[in-house]
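Colleague: okay, here's the prediction I keep looking at, along with the sequence it came from:
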Amino acid sequence: MTRLRWLLRRLSRMYWREVPYRAAMLARALAQSRGWFLATRVPPASPNTPWGRAWCGVPALADAERAALLAAGDRILEGRLDVFGHAVPMHEGIPDWNADPVTGRAIEMRFGLFIDFRHVGDDVDIKYLWEVNRHLWWVTLAQCYALSGAPAYLTRLRELLTSWLDACPYPLGANWSSPVEHGVRLVNWTLVWHLIGGEASPLFADEAGRQLRERWLRSIYQHMRFSSDNYSRYSSANNHLIGEATGVFVAARTWPCWAASRRLGAQAKAILERETLRQFSADGVNLEQAIGYQKFCLQFLLAAALVARANGEPFSDAFGTRTDAAITFIAAMMDCSGRLPDIGDSDDSEVWRLGVCTDPAHGFKALLALGAALRERQDWSAKLGSVGWPEGSEVGWLAQGPRPPQAGRAPQALPTHFEQGGYIVLGAGLHTTDEFRVTFDCGPLGLNRIAGHGHADALSILVSSCGEPLLVDAGTYCYNAAPELRHYFRSTAAHNTLRVDGLDQSEYGGSFLWMRDVNCHRVVEPHPHAVHAWHDGYGRLSDPVAHHRRITLTEKGLGLLVEDWIECGRPHEVVLHWHAAQGARFAPAEKAGHDWVLHGSRRALVLSADRACACSVIEGATDPLQGWVSQRFYERSAAPVLTMRTTLAPKQVLRTMIRACAQTMTPV
């Protein structure tokens, strides 16, 4: 019944033209499950077609970086691999490709498209299995071989590739259930191919190696067909479609040895051109409203752009302009410590990883560094100069050039208003070590009606001081395995905004499904340091409510006045949530008053509540869930949230004053 309810809800959020398309895809899948329309018969590869040119190379590394990378490869040789903090069980260095590495539960080997990967089991999140099978860690072995020439790395790659092809036959099992996974895998397979020497690699020197190459090419063709046969369309056309098309494109250009390669590659390139303009606003915001997927999509797009450039067929100027805007958005949203806010979903996924790093912001910094090297952008370079260059050397492996100079336009020139994407940055001393930063989320719920990776966070506010996050987004925590926690972290109660009548801003339909759109609207303000917006999420109530919020920067940029009011016909019960970072604490500034001090490790905020509100602090509550933050996928910690409750009449204004201060105040 749970599954049936989800299907009915999902059907209700489809576009009308999507229903016959879905019916046709189901009919096709049924036919394929019986052996029709499959790519089991792979056409012979043309012996005369030139192989694609490499889009990566081996840079000159510092001794410490070289040693760190070789040590990472040696850990893999020893059979040690971690995924989201869990050790992956290995047998002689080989994982069970079709079993959840956390629980050990095997996923049945049946027709992949009929595996319900969202509901594999109550204790299973298939992301762990998929992460192992994306093969980012194979690239580490290939890098180590390229650096050292040591045959042990190549031998292990031979063993891994052979065992994967044996264990994951097309089109069976969990590794043939979601085509975006094929996109990631193909990107990493192209990197492995080039780093071990391509078609001339010693891996293929003997007869067994040549047979392995033929088996690999056969699977590559089937990957291309599986992705292109099952492109995510209509309400599912999000980062998955970008990933699927990227995988097909890079494979078609790396291995152009079939007659279908040019057609599939051209189709994939056209999809990437279109979807980049559709899924990213003109000011660079990924419209899934999830910062983690900003990075994920950009890694796909830059991989495709690098392959295209290497093979003499670059993408359009419009594509380049939009990806440039997306990188600029990352630079502008990055605080002076290099962090980006945890807005929307994030599962810590990456498409490629070419360095050994401990910095959680590494992926974003690496995009800035790669973009700065490829596009010669001094504003991105200057931003990296202020927050620190990324560990590792993606620039060297992918751009084949030195680091760009750090001199040039100051990072303060980066934009602060992303009107089309729905984010505003206010503050003082932005991009300096003394910055006071306010991020205002005034964008839509998400993309394509289902808003699969968006959170009910309209008009939420995030505050950091001197690079220390103080008022934060609660994060993501998980996707499939803990439904109650999944709902909490996506809910309005997990964000720094107003909740009305105990409800979310939209109606929750499932782990990746919202049942109603939420639209934000900006109102022009005469004050140069004020932003006014409202949203219609509570317009579904019997007494429709519009929530308005105006934020005004005061006190030389070190204070923020937050004003909330509702347009409606009668009073409503409301609560304001102010979520603090892990390790921070709230304390009253005086025994009887409405001032609260949020103590961080170095900096503090004073929050002055409206006298109409009853205030309390909640931390680590389970019934109902409240007072939790998640800084990494599948990790959560108790953290305090200050709640301000009241009954709010129409047009009555709640005022909350937030002031930054040094960590010197002592709570009473």
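Modeller: Yep, that arrived. Bear in mind that the values here come from a model prediction, so they are computed numbers and not experimental data.

Colleague: and the lengthiest helix in the chain, what does it pack onto?
Modeller: Criterion DSSP state H: the longest helix present in the chain is helix 207-229. Judged by 3 or more CB pairs under 8 Å, 6 or more residues apart in numbering; DSSP states H and E, helix 207-229 is in contact with helix 151-167, helix 179-195, helix 239-254, helix 259-279. Where C-beta positions appear, they are placed from N, C-alpha and C, glycine not excepted.

Colleague: 6 Å instead?
Modeller: helix 179-195, helix 239-254 (3 or more CB pairs under 6 Å, 6 or more residues apart in numbering; DSSP states H and E).

Colleague: quick check: residue 568 touching residue 651?
Modeller: No: if you go by CB atoms under 6 Å, residue 568 and residue 651 don't touch, sitting 9.1 Å apart.

Colleague: look at the two and report which has more neighbours.
Modeller: residue 568 (20 against 10; other CB atoms under 10 Å).

Colleague: now the more buried one: how far from residue 548?
Modeller: When CB to CB, to the nearest Å is the yardstick, residue 568 and residue 548 sit 11 Å from each other.

Colleague: before we move on, the earlier item: between the helices and strands packed on helix 207-229, which one is nearest to residue 574?
Modeller: Residue 574 lies closest, by CB to CB, to one member of the helices and strands packed on helix 207-229: helix 239-254, at 34.1 Å.

Colleague: what's next to that closest one, contact-wise?
Modeller: 52, 179-180, 182-183, 186-187, 190, 220, 224, 227-228, 231-232, 261, 264-265, 268-269, 271-272, 275, 293, 296-297, 300, 303-304, 307, 311 (CB atoms under 6 Å, 6 or more residues apart in numbering).

Colleague: now residue 12: closest residue in space, sequence neighbours ignored.
Modeller: Spatial nearest neighbour of residue 12, chain neighbours left out: residue 515 (7.2 Å); criterion: CB to CB, 6 or more residues apart in numbering.

Colleague: about what we covered before: what is the orientation angle of the longest helix of the chain with helix 259-279?
Modeller: With axes from the mean of the first three to the mean of the last three CA atoms, to 10 degrees applied, the angle from helix 207-229 to helix 259-279 works out at 50 degrees.

Colleague: contacts for helix 207-229?
Modeller: The contact list for helix 207-229 (CB under 6 Å, 6+ apart) reads 39, 42, 45, 165, 170, 179, 182, 186, 203-204, 244, 247-248, 251, 255, 264.

Colleague: stretch 645-653 now?
Modeller: 563, 565, 566, 568, 571, 572, 573, 574, 575, 612, 613, 614.

Colleague: apply 10 Å and report the result again.
Modeller: The contact list for stretch 645-653, computed with CB atoms under 10 Å, 6 or more residues apart in numbering, reads 498-500, 543, 545, 547-548, 550, 563-576, 609-616, 654.

Colleague: now for residue 317, how many residues are close by?
Modeller: 8.

Colleague: now it: how far from residue 324?
Modeller: Note on residue 317: its distance to residue 324, by CB to CB, is 10 Å.

Colleague: which stretches of the protein have low pLDDT?
Modeller: Within the chain, the stretches with pLDDT under 70 are 1-2, 122, 392-393, 400-410, 412, 591-592, 663-668.

Colleague: could you chop it up by domain?
Modeller: Following automatic domain parsing, the chain resolves into domains at 1-37, 47-229, 280-421, 427-662.

Colleague: which of those domains sits closest to residue 237?
Modeller: Closest of these to residue 237 is domain 427-662, at 6.2 Å (criterion: CB to CB).
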